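> need a 3D model of the sequence below.
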Amino acid sequence: MALNIKPLSDRVLIEPLPAETKTASGIFIPDTAKEKPQRGIVVAVGNGNKDHDMTVNVGDTVLYGKYAGTELKLEGKDYLIMREDDILAIV
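Take a look at the predicted model:
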């Protein structure tokens with residue numbers, strides 16, 4: 001499904017991956033104790049600007065700061081839009 005949104009400049013649109021529901025040892029995490037996800041998939045990328053070339057591509061799985069970006073809801077799904085500088089790593 002293609003979105004009708006194109007980030008400007010050095011911004012990136014990310015679809016957060018769902019939060020973990022179980023620990024590595026098999027313990028289920030209740031909804032009240034779940035942490036905000038810090039991984040997501042890049043859905044759209046801006047063109048960059050004259051001082052900054054974009055290094056992430058659509059489809060990349062990335063790690064970002066816990067409170068990075070601005071949350072928005074499009075077509076019933078949650079997304080984050082943030083500057084590429086807020087992305088910590090490509091996984």
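
> how about the helices in the chain?
Counting by DSSP state H, the chain forms no helices at all.

> residue boundaries of the strands in it?
Taking DSSP state E, the strands of the chain run over residues 11-16, 39-45, 61-64, 70-74, 77-83, 87-90.

> what residues are up against the residue positioned nearest the centre of the chain?
The centroid of the chain falls nearest to Ile14 when counting by CA atoms, centre = their mean (3.3 Å). Applying CB atoms under 8 Å, 6 or more residues apart in numbering, one finds that Ile14 lies in contact with Gly40, Ile41, Val42, Val43, Val62, Tyr64, Gly69, Tyr79, Leu80, Ile81, Met82. Heads up, the C-betas are built off the backbone N, CA and C, glycines and all.

> next: Thr32.
Taking CB under 8 Å, 6+ apart, one finds nothing in contact with Thr32.

> what of the one 4 residues further on?
The neighbours of Lys36, taking CB under 8 Å, 6+ apart as the test, are Ala19, Lys66, Tyr67.

> so among the residues you listed, which ones count as buried?
With neighbours counted using 16 or more other CB atoms under 10 Å, those contain no buried positions.

> in TSV: the residues you listed, plus distance to Asn49 and pLDDT.
Shown next, in TSV, are these (distance: CB to CB, whole Å; pLDDT from 0 to 100):
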residue	distance to Asn49	pLDDT
Ala19	33	73
Lys66	26	86
Tyr67	24	86
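
> nearest to Ile5 among those?
Tyr67 (21.9 Å; CB to CB).

> sketch out the low-pLDDT regions of the chain for me.
For the chain, residues meeting the criterion pLDDT under 70 lie at 1-2, 33-34.

> if you set the cut-off to 80 instead, what comes out?
1-3, 19-24, 28-37, 52 (pLDDT under 80).

> which ones are touching the spatially closest residue to Val56 that is not a sequence neighbour?
Using CB to CB, 6 or more residues apart in numbering and skipping the chain neighbours, the partner closest in space to Val56 is Val42 (5.3 Å). By CB under 8 Å, 6+ apart, the contact set of Val42 is Val12, Leu13, Ile14, Val56, Asn57, Val58, Gly59, Asp60, Thr61, Val62.

> perfect, I'm done here.
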